[in-house]
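Novice: Here is a sequence together with a model predicted from it:
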Amino acid sequence: MYYGSYLQLDKVLDAQYPVSFEKGNEPAHDEMLFIVIHQAYELWFKQILFELDYAMKIFSQEKINDNSEDLNLVRHRLHRVISIIQLLNQQVHILDTMTPLDFLEFRNLLTPSSGFQSMQFRLIEARLGLQLDKRHQKDYYKRTNEGGFTKEDYKNISDTEDQQSLLQLVNAWLERMPFFTEEYWKQYQSSVDVSSLHPFWNDYRNIYHTGLTEREQNKIHDFDYVFFEKTPEGFTAEQLDGLRSNFSPAALRAALFIMLYRDFPMFQTSYQILDSLIEIDHLMSNWRHKHLIMVRRMIGMRVGTGNTSGAGYLEGAMSKHYVYRDLSGLSTYLIERKKLPKLPEELIRNLGFNA
């Protein structure tokens, strides 16, 4: 085995063909940088998809053995995805060494191709759980004409969107959490005489409510809607739409419980997985923001090479394309650690490694 043949460098290093260097064009020095940067992006996108595929394979199991290596490897590989996206965000700084005038030397030669047409990036978004109907200017994604996707790429993206996403698989995993089964709570003494909810949630809701400031009192209605689908009186359709989640109430209750009691050994890996999904979402938003700033610097408010609205489209996508906003939003419903309800001994025994 030889280094170059193992890495197939003959293919990789012979894959840069600046259009400006073709006969009849004026060579633009920075086009080589532009190509290498974007090819490197695509290689890292391929690795991200590889890691997400592994995580989805684990979460697609009907039952995950907490004593196996599965969840720990999911945590580890999601952390790897985080490191890759951090690197991609840094890579934008290299592209920033190209000035707007440098870019204009070859920009028109790229038309109608566009970074929008990165199939792998769309697959990453789809596998994470970004739904077509939730996308900014969703009709852009249905184009197979000039500036849009090839029919083959569009079919690949559509097929992926029709499959279960990582978000849906994580939702099902959270719904299966057995924390609130009756056998663990037989000895629990609730401090609130309300029987409509599970005794833990009766107590937790009361503690949360009493901890709200005068200006925050309406948050208790948000709490009831998010976790128990109890529709508040007087709320508009727009207000309710803002509270609707991609996760089920049962999944959000389990996720909040994990965040509250993450110090228990059994919750450490689960908490880090949820936290990794939140971090991936934030880093993807950072990447979009850096891309927006770069595009504004390079072309101002001109139309993108793929006939999108350029910076305007990127700005809309940045604010709308969050996937795990509901998980990060759970911090709205946290209480002080010292006020957490004491869990029953039977449940505590099952949350340790010596159960």
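Specialist: Thanks, I have the structure now. Numbering: from 1, shown residues only.
Novice: Now L109: closest residue in space, sequence neighbours ignored.
Specialist: Distances taken as C-beta to C-beta, 6 or more residues apart in numbering put V19 closest to L109, at 4.5 Å, once the chain neighbours are dropped. To be clear about C-beta, it is placed using only N, CA and C from the backbone, and glycine gets the same treatment.
Novice: which SS state does K186 fall under?
Specialist: The three-state label given to K186 by DSSP: H, G, I helix; E, B strand; the rest coil is coil.
Novice: From L197, how far off is it?
Specialist: Distance of K186 to L197, computed by C-beta to C-beta, to the nearest Å: 17 Å.
Novice: When these two are compared, which one has more neighbours?
Specialist: L197 (17 against 8; other C-beta atoms under 10 Å).
Novice: isn't the more buried one right next to D203, touching?
Specialist: No: counting by C-beta atoms under 8 Å, L197 does not reach D203; the two are 9.2 Å apart.
Novice: Could you measure from N171 over to L327?
Specialist: 10 Å.
Novice: do the same with S165
Specialist: Distance of S165 to L327, given as C-beta to C-beta: 14 Å.
Novice: and if you look at S276?
Specialist: Taking C-beta to C-beta, one finds S276 at 10 Å from L327.
Novice: Would you mind telling me which of the two has the busier surroundings?
Specialist: With neighbours defined as other C-beta under 10 Å, S276 and L327 compare such that L327 has more, 24 against 21.
Novice: ok, now which ones touch E346?
Specialist: Neighbour list for E346: 183-187 [criterion: C-beta atoms under 8 Å, 6 or more residues apart in numbering].
Novice: so the closest residue in space to F59 that isn't next to it in sequence is in which element?
Specialist: In space, and not counting its chain neighbours, F59 is closest to L169: 3.7 Å by C-beta to C-beta, 6+ apart. Here L169, judged by DSSP states H and E, is contained in helix 166-175.
Novice: Would you mind writing the CA trace of that helix as CSV?
Specialist: The C-alpha coordinates for helix 166-175 follow below in CSV (Å, rounded to 0.1, in the frame of the first residue of the first chain):
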residue,chain,number,x,y,z
LEU,A,166,-32.8,12.0,13.8
LEU,A,167,-35.2,14.3,15.6
GLN,A,168,-38.1,11.8,15.2
LEU,A,169,-35.9,8.9,16.3
VAL,A,170,-34.7,10.9,19.4
ASN,A,171,-38.3,11.8,20.1
ALA,A,172,-39.3,8.1,20.1
TRP,A,173,-36.3,7.3,22.3
LEU,A,174,-37.3,10.0,24.9
GLU,A,175,-41.0,8.8,24.9
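Novice: Spell out the secondary structure type for G147.
Specialist: Per three-state DSSP, the secondary structure class of G147 is coil.
Novice: give me the number of residues near it?
Specialist: 19.
Novice: Quick check: it touching Y141?
Specialist: No: assessed by C-beta under 8 Å, G147 is found out of contact with Y141, at 11.9 Å.
Novice: Just say helix, strand or coil for D14.
Specialist: coil.
Novice: distance of it from Q272?
Specialist: D14 is 42 Å from Q272, by C-beta to C-beta.
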